[in-house]
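S.K.: Pasting the sequence and the predicted model now:
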There are 2 protein chains.
Amino acid sequence: MQDKKKIKRANLRDVARAADVSVATVSRVLNTPNSVAPNTRDKVQAVITELRFTPSAAARAINSGRTRFVGALVPTLDNAIFARFLAALENRLDDFGLSCVVATTQESAEAEVRKAKSLLDIGAEGLILSGVSHAPELFETVRQAQLPTLATSYFDVSAPLPTIGYDNEHAARMGLTHLLELGHTKIAIIHGPAAHNDRTGARLAGIHSLNCQTLSFHEAEISMQGGCGAAQDIADLVDKPSALFCLSDVLAMGALFELQRLGYKIPKDFSILGMDDLPSARHTFPALTTIHLPVRRMGEKAGTAMGDWLENNVVPQPEMLEVKLEIRGSTLPL
Amino acid sequence: MQDKKKIKRANLRDVARAADVSVATVSRVLNTPNSVAPNTRDKVQAVITELRFTPSAAARAINSGRTRFVGALVPTLDNAIFARFLAALENRLDDFGLSCVVATTQESAEAEVRKAKSLLDIGAEGLILSGVSHAPELFETVRQAQLPTLATSYFDVSAPLPTIGYDNEHAARMGLTHLLELGHTKIAIIHGPAAHNDRTGARLAGIHSLNCQTLSFHEAEISMQGGCGAAQDIADLVDKPSALFCLSDVLAMGALFELQRLGYKIPKDFSILGMDDLPSARHTFPALTTIHLPVRRMGEKAGTAMGDWLENNVVPQPEMLEVKLEIRGSTLPL
DNA sequence: ATGAAAGCGCTAACAT
DNA sequence: ATGTTAGCGCTTTCAT
């Protein structure tokens, strides 16, 4: 198979032999350098450098029972909202000396279970999920492995997992209320696939709770492209709405640009409201009015919670983060 | 420290004992189930389930010498271009049974070295970098660990690492040439920080190679915000350019929207050319003319190369991917 | 301050 | 088909 002569990596024993000390001493200069005499320490260090010795993480893990990394499962990296979340999460975990392995589920429950298991296989000490609804098998896996796991993007005290997120229902109600208060009554709701996404489901529930009878609903893939398509449908309506409430910023942007392409003026012809508050939302033309979801803070909170769980054995409490309406240029009174 | 009674996780020996077989048999049902008699296998499986036994990845790794994951270092997750790359990479690595740990460097050489080391510490079997210029210490680390490492987003046969990417210089020349051919002569170049980014450096070199004397250069942070700022500067120029060449799509979008906000019509008042071809580029209004960089393919190629390197011991050859001009609505003849 | 030696949980020869 | 056993590279008592 391998004609290349395998150059064996130096190990503790090699170093010990070369430095003429015991493996214990080498281990000590690695972990508790102060407990080793300066002379010895220097001698060993020199050999370590010379032999290019790098301790094996696996061997270390086997002894300590720790791998010092957690897994994060997100639907996709294509939506900036998750990228932002992960950046904050990774950053905070780092404070605990924890790394973070990212896996994308592509909104597929099957892929989620599979990737969660593979994360476990490679030794993840904890799991961070998006949303609260997951395949029973995932819950089962997590339970069996007694794995610290938390759910994000969703706040729900009654969830089987600690949740760190926001009230999606409330956020959607807040958005619709804004539009209603501006005098809009005929409103198109553009949302992602509701089938396997609890966040979308909750947002829709929030909207329905307002009992507005003049809403039209448009399901689209969560992407600019999806927003474009929905906007076309809406523009084709005989009885056009005066406002669009898009349950993700990318949908809103797709719709915004598509309507402009079709010759409409925003917000004159249509008010458009998004949800997420992506960094780009404030830079579109017109700037997008949107519901700000504090993903950055959520990433930090999740990182802290997981870090405290793993390092200090404190089981996280559910945390609800406040959402906020950001009024910018894409909405106007009717 | 821990008042919780630590519930010891079941190990191979526990399972063997409970199933009244040897550890070897248990190991076999885990790895080569077919080499175990059905009866025995079922019995062992039952115990495994009952005891909630999960094999320790660390112990496995220590024996096989394999952790089955690689590390990927990208500047940021905030730019969709890297997210797309990673998605493709992760996907392809999966075909080799390899996982992928992502770390972001925030364009900092120091952070890159630090994260690379921590990736090594946790056992990464290979490293995938962005660009070819890195801290000497990073090269040294990689060399010492004899770590399969490849550089992406940049094609350079003479690089110390195998590169899989495109010719940034050529891409930039292609863009500028397009603008020139449209009759534009006064062109503003908006680019990211050149100091520590070899891709940007190469693109600028490509532009300079065309010896066009009527160019103005505007450095901005690679974000929509950065593009906005640069566009404002350009709008303030007494001697305004007729076209903007933005060396990243996000810069182009920021500039596009900002100019629209200022009342300009695109492409009538300014032609705008981007680079990357983000999914969103075709959905802006007007759609963005841009240089298509095949990041998806690059992710796949990188995944294949790394997989083959690790699994089949084939050292990758540098690979150059073709870039392509995508003419859409944001550029027009002068 | 240092060393000897016993594991950690698993895989892989080798034996039966 | 199954068992025995020797490690893998390291940490950690327990001696000295």
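M.R.: That came through fine.
S.K.: okay, CA-based contacts and neighbour counts for the rest of this
M.R.: Noted.
S.K.: can you list the weak-confidence ranges in chain A?
M.R.: Regions of chain A meeting the criterion pLDDT under 70 cover residues A:1-8.
S.K.: In contact with the residue of the stretch 151-300 of chain A found nearest DNA strand D, which residues?
M.R.: The stretch 151-300 of chain A approaches DNA strand D most closely through residue A:300 (28.9 Å), counting by CA to the nearest atom of the strand. Applying CA atoms under 8 Å, 6 or more residues apart in numbering or on different chains, we find residue A:300 in contact with A:88-89, A:91-92.
S.K.: With neighbour count, distance to residue A:211 and secondary structure as extra columns, can I get those in TSV?
M.R.: Below are the contacts of residue A:300 laid out as TSV (neighbours: other CA atoms under 10 Å in any protein chain shown; distance: CA to CA, whole Å; DSSP: H, G, I helix; E, B strand; the rest coil):
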residue	neighbour count	distance to residue A:211	secondary structure
A:88	21	37	helix
A:89	26	37	helix
A:91	20	42	helix
A:92	22	41	helix
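S.K.: can you redo those residues as CSV with distance to residue A:23?
M.R.: Shown next, in CSV, are these (distance: CA to CA, whole Å):
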residue, distance to residue A:23
A:88, 40
A:89, 37
A:91, 35
A:92, 35
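S.K.: Show me which pair in those is furthest apart.
M.R.: A:88 and A:92 (6.2 Å; CA to CA).
S.K.: shared neighbours of those two, anything?
M.R.: By CA under 8 Å, 6+ apart, the residues touching both residue A:88 and residue A:92 are A:299-300, A:303.
S.K.: Show me the residues you listed that map onto helices.
M.R.: Residues from the shared contacts of residue A:88 and residue A:92 lying in helices, with DSSP state H as the criterion: A:299-300, A:303.
S.K.: Of the residues you listed, which is the nearest to DNA strand C?
M.R.: residue A:303 (26.9 Å).
S.K.: Quick one: classify residue A:193 as helix, strand or coil.
M.R.: coil (DSSP: H, G, I helix; E, B strand; the rest coil).
S.K.: tell me the contacts of it?
M.R.: Per CA under 8 Å, 6+ apart, neighbours of residue A:193: A:200, A:219-222.
S.K.: mind running it again at 6 Å?
M.R.: Contacts here follow CA atoms under 6 Å, 6 or more residues apart in numbering or on different chains; on that basis residue A:193 touches residue A:219.
S.K.: Any idea what residue A:272 is bridged to?
M.R.: residue A:244 (DSSP bridges).
S.K.: cool, and residue A:319?
M.R.: Here residue A:319, judged by DSSP bridges, has bridge partners residue A:164.
S.K.: Would you agree it is in contact with residue A:167?
M.R.: No. In this structure, residue A:319 is not within contact of residue A:167 by CA atoms under 6 Å, at 10.2 Å.
S.K.: Output stretch A:187-198 in CSV with nothing but the alpha carbons.
M.R.: C-alpha atoms of stretch A:187-198 as CSV (Å, rounded to 0.1, in the frame of the first residue of the first chain):
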residue,chain,number,x,y,z
ILE,A,187,-49.8,41.6,3.8
ALA,A,188,-47.9,38.8,2.1
ILE,A,189,-45.9,36.5,4.4
ILE,A,190,-42.9,34.9,2.8
HIS,A,191,-41.5,32.1,4.9
GLY,A,192,-39.1,29.2,4.6
PRO,A,193,-40.3,25.5,4.4
ALA,A,194,-42.3,25.0,7.6
ALA,A,195,-42.3,21.3,7.5
HIS,A,196,-39.1,20.5,9.3
ASN,A,197,-38.2,23.8,10.9
ASP,A,198,-39.6,24.7,14.3
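S.K.: quick one on the thing from earlier: right, and out of the contacts of residue A:300, which lies closest to chain B?
M.R.: residue A:91 (9.3 Å; CA to the nearest CA).
S.K.: Specify the local secondary structure of residue A:129.
M.R.: Applying three-state DSSP: residue A:129 is strand.
S.K.: where along the stretch 151-300 of chain A do the strands fall?
M.R.: Counting by DSSP state E, counting those that start in this stretch, the stretch 151-300 of chain A has strands at residues A:163-166, A:187-191, A:215-219, A:243-246, A:271-276, A:289-292.
S.K.: Nearest to DNA strand C, out of those?
M.R.: Judging the strands of the stretch 151-300 of chain A by CA to the nearest atom of the strand, what sits closest to DNA strand C is strand A:163-166, at 30.2 Å.
S.K.: Can you tell me what sits against the closest one?
M.R.: A:150-155, A:318-321.
S.K.: make it 7 Å
M.R.: Identification of contacts with strand A:163-166 by CA atoms under 7 Å, 6 or more residues apart in numbering or on different chains yields A:150-156, A:298, A:302, A:318-323.
S.K.: Quick one: buried ones out of those?
M.R.: The neighbour-count test (16 or more other CA atoms under 10 Å in any protein chain shown) marks A:150-156, A:298, A:302, A:318-321, A:323 as buried among the contacts of strand A:163-166.
S.K.: Most widely separated two among these?
M.R.: A:150 and A:323, at 20.1 Å, using CA to CA across the buried ones among the contacts of strand A:163-166.
S.K.: wait, doesn't residue A:154 sit right on residue A:170?
M.R.: No. Between residue A:154 and residue A:170 there is no contact under CA atoms under 7 Å: 11.2 Å.
S.K.: Now do the helix or strand containing residue A:310: distance to the chain's middle.
M.R.: According to DSSP states H and E, residue A:310 maps onto helix A:295-312. Remark: helix A:295-312 is offset 12 Å from the chain centroid, using CA atoms, centre = their mean, to the nearest Å.
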